[in-house]
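Visitor: pasting the structure only:
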């Protein structure tokens with residue numbers, strides 16, 4: 001049970017950090033790009049909720065593979081959000 005708690009804390013910390021980064025990007029973004037950033041915020045919330053729900057309801061059977069896939073899915077989701085953020089970033093402000 002303690003490992004689940006630590007994993008949930010890691011997911012919460014990572015999601016919070018990404019959310020903070022997106023909010024910072026929103027403050028620098030032009031007005032026409034803000035709806036796309038809002039969608040990214042919704043994506044990170046959905047990813048967080050999905051991963052925490054999956055942690056809470058571990059599938060019986062091959063638990064090791066379950067958590068390996070969970071970590072892979074979380075990493076891919078975070079990478080996808082950073083990729084979208086990078087595409088939206090205004091290169092002139094960098």
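Guide: All right, it came through fine. Quick caveat, the model's predicted, so the values are computed rather than measured. Numbering: from 1, shown residues only.
Visitor: Tell me which residues are up against the host helix or strand of residue 52.
Guide: Element membership for residue 52, per DSSP states H and E: helix 34-56. Residues outside helix 34-56 that contact it (C-beta atoms under 8 Å, 6 or more residues apart in numbering) are 4, 7-8, 11-12, 15, 18-19, 22-23, 25-26, 29, 70, 73-74, 77-78, 80-81, 84-85, 88. Just so you know, the C-beta spots here come from the backbone N, C-alpha and C atoms, and that holds for glycine as well.
Visitor: Can you flag the buried ones in those residues?
Guide: 7, 11, 15, 18-19, 22, 25-26, 29, 70, 74, 77-78, 81, 84-85, 88 (16 or more other C-beta atoms under 10 Å).
Visitor: Among those, name the ones in helices.
Guide: Among those, DSSP state H puts 7, 11, 15, 18-19, 22, 25-26, 70, 74, 77-78, 81, 84-85, 88 in helices.
Visitor: pLDDT weak spots in the protein?
Guide: In the prediction, the chain carries residues with pLDDT under 70 at positions 1-2, 90-94.
Visitor: Just want the phi and psi numbers for the nearest residue to residue 66 once chain neighbours are set aside.
Guide: Spatially, and ignoring its direct neighbours in sequence, residue 66 is nearest to residue 59 (5.1 Å; C-beta to C-beta, 6 or more residues apart in numbering). Note on residue 59: backbone dihedrals following degrees, to the nearest 10 are phi -70, psi 130.
Visitor: burial count for residue 59?
Guide: By the measure other C-beta atoms under 10 Å, the count of residues near residue 59 is 12.
Visitor: For it, give its distance to residue 69.
Guide: Distance of residue 59 to residue 69, computed by C-beta to C-beta, to the nearest Å: 10 Å.
Visitor: next one: residue 11
Guide: Distance, residue 11 to residue 69, using C-beta to C-beta: 14 Å.
Visitor: Noted, bye for now.
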